[in-house]
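>>> no sequence on hand, only this structure:
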């Protein structure tokens, strides 16, 4: 029987290794986001975390979501972040040591630890799982992940899907309105502000395009 | 067997906590926004984990919608941040007290 068991053990070792490496990447990236002084470094750490999450999506048979995660998050959203950082000044480092509100930082960390303990306790001891299927379909079985996800989105969740298209249009219009100069007719703006307005509007449109698929 | 769902959920909880603490601790508006993205990703990871554990594709559909909403949120949020910074350069979250009476 050891001969038949060997591939299973090897697969388990690979799965565990992938999980451990991805978890280390995710957590180091997250800590980098929180502790980084330069916003550009924070954005790059965020990319690290997003890639790690994409790896774990693949490990859990969510291939389509992993691809969308890399394209939309790491490709579009982080680029938008970097774009805004460059717009509003890259050399502006935050003084992490300054504490304007006395005792706020230890209190925040205490609240975080408390919340983590609560989350883990609830996940460990509380049993919400009723076993009732959601009606969206099974994740396993024959057929590809994309096929099953598409069937779920375009049948069971068709109305939410249509509403997201309205949401994206509203977001694009909102971004364009926000990026406009305050008083276009009064001649207060200069060339730099006009460039900013154009850039943000284009970024919004470039953003909405991959997400709407 | 693959890695059990409990480990994924633990990782998701830790990631969410790091994002929440970062949101409370940092004062740079952009970094606070990135911490919101961390929290969204933690929720997405939990959704995919439950989709696998309960054998239900609905969890992955939820992640799909979270991605779309996150994209819209980033567009509007960054538009607001650019508008704020155009008015007052170098503002942190502490300086934004325009609504104070």
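Structure's in. What do you need? Predicted model only: the values in this text are computed from it and were never measured.
>>> please make it C-alpha for all contacts and neighbour counts, starting now.
Fine.
>>> counting contacts, what elements does the worst-scoring helix or strand of chain B on mean pLDDT pack onto?
Sorting the helices and strands of chain B by mean pLDDT, DSSP states H and E puts helix B:58-87 at the bottom, at a mean of 90. When contacts are defined as 3 or more C-alpha pairs under 8 Å, 6 or more residues apart in numbering or on different chains; DSSP states H and E, helix B:58-87 sits against helix A:63-68, helix A:78-88, helix A:158-179, helix A:191-211, helix B:29-53.
>>> quick one, which of these is nearest to residue B:5?
Proximity to residue B:5, assessed across the helices and strands packed on helix B:58-87 by C-alpha to C-alpha, is greatest for helix B:29-53 (6.2 Å).
>>> same for that closest one, what does it pack against?
Judged by 3+ C-alpha pairs under 8 Å, 6+ apart, the packing partners of helix B:29-53 are helix A:2-35, helix A:39-59, helix B:5-25, helix B:58-87.
>>> list the buried residues of the longest one.
Residues of helix A:2-35 classed as buried by neighbour count (16 or more other C-alpha atoms under 10 Å in any protein chain shown): A:15-16, A:18-19, A:22-23, A:25-27, A:29-35.
>>> now do that helix: which elements does it pack against?
In terms of contacts (3+ C-alpha pairs under 8 Å, 6+ apart), helix A:2-35 is packed against helix A:39-59, helix B:5-25, helix B:29-53.
>>> and what of the third one?
In terms of contact count using 3+ C-alpha pairs under 8 Å, 6+ apart, helix B:5-25 is assigned the packing partners helix A:2-35, helix A:104-125, helix B:29-53.
>>> swap in the second one?
Packing contacts for helix A:39-59, counted by 3+ C-alpha pairs under 8 Å, 6+ apart, involve helix A:2-35, helix A:63-68, helix A:78-88, helix B:29-53.
>>> can you add distance to residue A:164 and mean pLDDT and give those helices back as a markdown table?
Formatted as a markdown table, these follow (distance: least, C-alpha to C-alpha, whole Å; pLDDT from 0 to 100):
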| stretch | distance to residue A:164 | mean pLDDT |
| --- | --- | --- |
| helix A:2-35 | 28 | 86 |
| helix A:63-68 | 16 | 93 |
| helix A:78-88 | 20 | 89 |
| helix B:29-53 | 17 | 92 |
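>>> so which of the helices and strands packed on helix B:5-25 comes closest to residue A:79?
helix B:29-53 (12.2 Å).
>>> buried ones in that closest one?
Across helix B:29-53, burial judged by 16+ other C-alpha under 10 Å covers B:29-52.
>>> what about residue 59, how many residues nearby?
Picking chain A for this. Residue A:59 has 17 neighbours, counted by other C-alpha atoms under 10 Å in any protein chain shown.
>>> to clarify, I was referring to chain B.
Neighbours around residue B:59, by other C-alpha under 10 Å: 23.
>>> cool, residue B:69 as well?
Counted with other C-alpha under 10 Å, residue B:69 comes out at 17.
>>> equivalent analysis for the one 4 residues further on, please.
Residue B:73 has 17 neighbouring residues, counting by other C-alpha under 10 Å.
>>> the residue lying closest to it once chain neighbours are set aside: neighbour count?
Nearest non-adjacent residue to residue B:73, counting by C-alpha to C-alpha, 6 or more residues apart in numbering or on different chains: residue A:171, 7.5 Å away. When neighbours are counted by other C-alpha under 10 Å, residue A:171 registers 24.
>>> repeat that for the one 5 residues further on.
Using other C-alpha under 10 Å, residue A:176 has 22 neighbouring residues.
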